[in-house]
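> I would like to see how this sequence folds:
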Amino acid sequence: MVVSTVKPESGQSHMITQKTLVMETRGRGSYDISDNVQDIVRHADVDLGLCHVFVHHTSASLMLCENADPTVRKDLEMFMARLVPDGDSDFQHTAEGPDDMPAHVRTVLTQTGLTIPVQAGRCALGTWQGIFLWEHRNQGYRRTLTITVQGETQR
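Have a look, this model is predicted:
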């Protein structure tokens, strides 16, 4: 993990912390990164502010999703497979195989960045919300995410 922290000047309480998180996926599906992000927020020393998560890829995305029942994410994957099937003959961009262009479309239809409020030193997620990296390629990849936490220290 690469760490970059901007410390406040004397008398100021505004903090900005930015970290790089590298995740290894095992192929198509969703990967819970909630604990990783919460750890970064906790160590950022920000009581009130924002956490922004960004994935640096065109064939993976992010989602804020139900974290209690994994069938929700399976259903989302099934829906996306119907919406953007692998091997669609209409796609011209197939340089890396039949899942190449569908992965790009899935990323464009979803999101590569999430902004989450920080309260009391942690992401203010709803009871059943989790933060997930959504891999859209069939094989595993190394995915890089940047997490930026900014806000005020109340101490």
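> which helix or strand in the chain has the lowest average pLDDT?
In the chain, no helix or strand scores lower on mean pLDDT, DSSP states H and E than strand 3-6, which sits at a mean of 52.
> shaky segments in the chain?
The chain contains residues with pLDDT under 70 at 1-12, 155.
> quick one: the helices in it?
34-43, 71-83, 100-109 (DSSP state H).
> helices and strands around the last one, which ones?
This points to helix 100-109. The contact analysis (3 or more C-beta pairs under 8 Å, 6 or more residues apart in numbering; DSSP states H and E) places helix 100-109 against strand 60-66, helix 71-83. Backbone N, C-alpha and C define where each C-beta goes, glycine included.
> what does the longest one give?
For helix 71-83, the elements it packs on are strand 29-32, strand 60-66, helix 100-109, judged by 3+ C-beta pairs under 8 Å, 6+ apart.
> distance to D39 added to these, as CSV?
Below are the helices and strands packed on helix 71-83 laid out as CSV (distance: least, C-beta to C-beta, whole Å):
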stretch, distance to D39
strand 29-32, 13
strand 60-66, 17
helix 100-109, 26
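> using TSV, lay out the ones you listed together with distance to E135 and mean neighbour count.
Listed next are the helices and strands packed on helix 71-83 as TSV, based on distance: least, C-beta to C-beta, whole Å; neighbours: other C-beta atoms under 10 Å:
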stretch	distance to E135	mean neighbour count
strand 29-32	6	18
strand 60-66	5	19
helix 100-109	9	19
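> closest one to Q129 among the ones you listed?
Taking C-beta to C-beta, strand 60-66 is the member of those nearest to Q129, at 5.6 Å.
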